[in-house]
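1. here are the coordinates; sequence isn't available:
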């Protein structure tokens with residue numbers, strides 16, 4: 001058995017990227033069971049397992065995800081079911097070209113773009129004997145990956161196999177205490193607003209086929225719709241930050257979303273058009289401002 005990671009690495013965090021809600025015939029409990037398996041393996045190596053969406057401090061969830069995808073020394077990504085959010089987060093991690101281990105269940109096919117990376121496979125039905133073998137393989141893979149990444153400056157997970165690239169980086173800005181406090185207050189305001197929404201439920205229609213929908217789920221659906229609209233119609237990284245702040249551009253994005261039905265299909269969750277637009281504006285602000 002591979003030697004345990006030394007004590008100096010005990011507090012390092014291994015980020016988990018994986019589905020957490022029903023997809024491809026697997027319910028929420030299934031993913032909780034998978035998370036428990038992955039967590040057990042990670043902690044057996046002396047690392048701390050943590051979903052990249054989780055943090056001890058409060059903050060905007062999208063910022064937290066990107067920061068963890070960049071900072072975590074190693075990531076284990078479960079692409080089972082090919083969840084769109086998981087695939088997007090995997091793409092970001094690979095763009096950072098940092099240690100990444102991909103796992104999937106035996107019912108999920110390989111994706112063309114990532115098929116060149118070794119995938120560790122486990123049985124979707126979580127059969128005990130095969131899960132035991134998978135856990136041992138994953139443990140060895142985590143330890144070996146960290147060891148080579150630490151000792152070989154030329155180590156690469158993905159990008160450098162295909163040529164020479166400038167790897168994406170997140171810059172750390174030095175700001176004054178006043179600017180830091182203002183930024184934190186903005187985030188706190190957004191958290192409070194979202195929490196207020198979380199304490200309410202919207203009755204979407206008198207039709208019995210409709211259910212009461214929790215606003216946090218609606219928020220995430222609108223976030224994904226807005227993300228799709230931006231990727232379908234704009235080269236986001238080429239947009240001037242000042243343009244993002246303009247009312248004209250915000251309105252343009254809003255109506256582009258309506259045209260493609262990426263946003264309009266969420267309208268049934270709101271009682272009025274004004275309530276719907278207010279929700280869109282909040283998501284837009286959280287994403288870009």
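-> Received, thanks. These figures come from a predicted structure and were not determined experimentally.
2. dump the residue contacts of residue 34.
-> 18, 78, 80, 126 (C-beta atoms under 8 Å, 6 or more residues apart in numbering). Heads up, the C-betas are built off the backbone N, CA and C, glycines and all.
3. for the helix or strand hosting residue 274, packing partners?
-> Here residue 274, judged by DSSP states H and E, is contained in helix 273-288. Helices and strands in packing contact with helix 273-288 are listed as helix 177-198, helix 215-233, helix 247-259; criterion 3 or more C-beta pairs under 8 Å, 6 or more residues apart in numbering; DSSP states H and E.
4. what about that helix, average pLDDT?
-> Helix 273-288 shows a mean pLDDT of 80.
5. tell me which residues in that helix are buried?
-> Within helix 273-288, the residues that count as buried by 16 or more other C-beta atoms under 10 Å are 276, 279, 280, 282, 283, 284, 286, 287, 288.
6. Which secondary structure elements does the longest helix seen in the chain sit against?
-> Determined from DSSP state H, the single longest helix within the chain is helix 128-151. Here helix 128-151 touches helix 28-44, strand 74-78, strand 100-105, strand 119-122, going by 3+ C-beta pairs under 8 Å, 6+ apart.
7. Could you identify which of the helices and strands packed on helix 273-288 has the lowest mean pLDDT?
-> Mean pLDDT values for the helices and strands packed on helix 273-288 show the minimum at helix 177-198, a mean of 59.
8. As JSON lines, the buried residues of helix 273-288 with distance to residue 109 would be great.
-> As requested, these are exported to JSON lines (distance: C-beta to C-beta, whole Å):
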{"residue": "276", "distance to residue 109": "37"}
{"residue": "279", "distance to residue 109": "36"}
{"residue": "280", "distance to residue 109": "35"}
{"residue": "282", "distance to residue 109": "37"}
{"residue": "283", "distance to residue 109": "32"}
{"residue": "284", "distance to residue 109": "35"}
{"residue": "286", "distance to residue 109": "34"}
{"residue": "287", "distance to residue 109": "31"}
{"residue": "288", "distance to residue 109": "35"}
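9. can you tell me which two in those residues are farthest apart?
-> Spatial extent of these (C-beta to C-beta) is set by the pair 276 and 288 at 18.7 Å.
10. Name whatever forms a beta bridge with residue 26.
-> residue 23 (DSSP bridges).
11. so how far is residue 77 from the closest residue to residue 134 other than its chain neighbours?
-> Counting by C-beta to C-beta, 6 or more residues apart in numbering, residue 122 is the residue found nearest to residue 134 once chain neighbours are left out, at 4.1 Å. Distance, residue 122 to residue 77, using C-beta to C-beta, to the nearest Å: 13 Å.
12. Give the residues shared as contacts by these two.
-> Counting by C-beta under 8 Å, 6+ apart, the shared contacts of residue 122 and residue 77 are residue 103.
13. hang on, the earlier thing: of the contacts of residue 34, just say which sits nearest to residue 100.
-> Within the contacts of residue 34, the smallest distance to residue 100 is 11.7 Å, found for residue 78 (C-beta to C-beta).
14. Please work out how many residues are found near the nearest residue in space to the closest one that is not next to it in sequence.
-> Leaving aside its chain neighbours, residue 78 sits nearest to residue 18 (3.8 Å; criterion: C-beta to C-beta, 6+ apart). By other C-beta atoms under 10 Å, 21 other residues sit near residue 18.
15. Residue 18 against residue 32, yeah?
-> No - the criterion here is C-beta atoms under 8 Å, and residue 18 misses it with residue 32 at 10.4 Å.
16. what domains does the record give for this protein?
-> 7-161, 177-288 (automatic domain parsing).
17. Ranked by average pLDDT, which of those falls at the bottom?
-> Ranked by mean pLDDT, the domains of the chain bottom out at domain 177-288, with a mean of 68.
18. thinking again about what came up before, out of the domains of the chain, which is the most enclosed?
-> Among the domains of the chain, domain 7-161 has the highest mean neighbour count (mean count of other C-beta atoms under 10 Å), at a mean of 17.
19. how close does residue 105 sit to residue 142?
-> To residue 142, residue 105 is 19 Å away according to C-beta to C-beta.
20. same deal with residue 150?
-> Residue 150 is 13 Å from residue 142, by C-beta to C-beta.
21. again with residue 82
-> Residue 82 is 23 Å from residue 142, by C-beta to C-beta.
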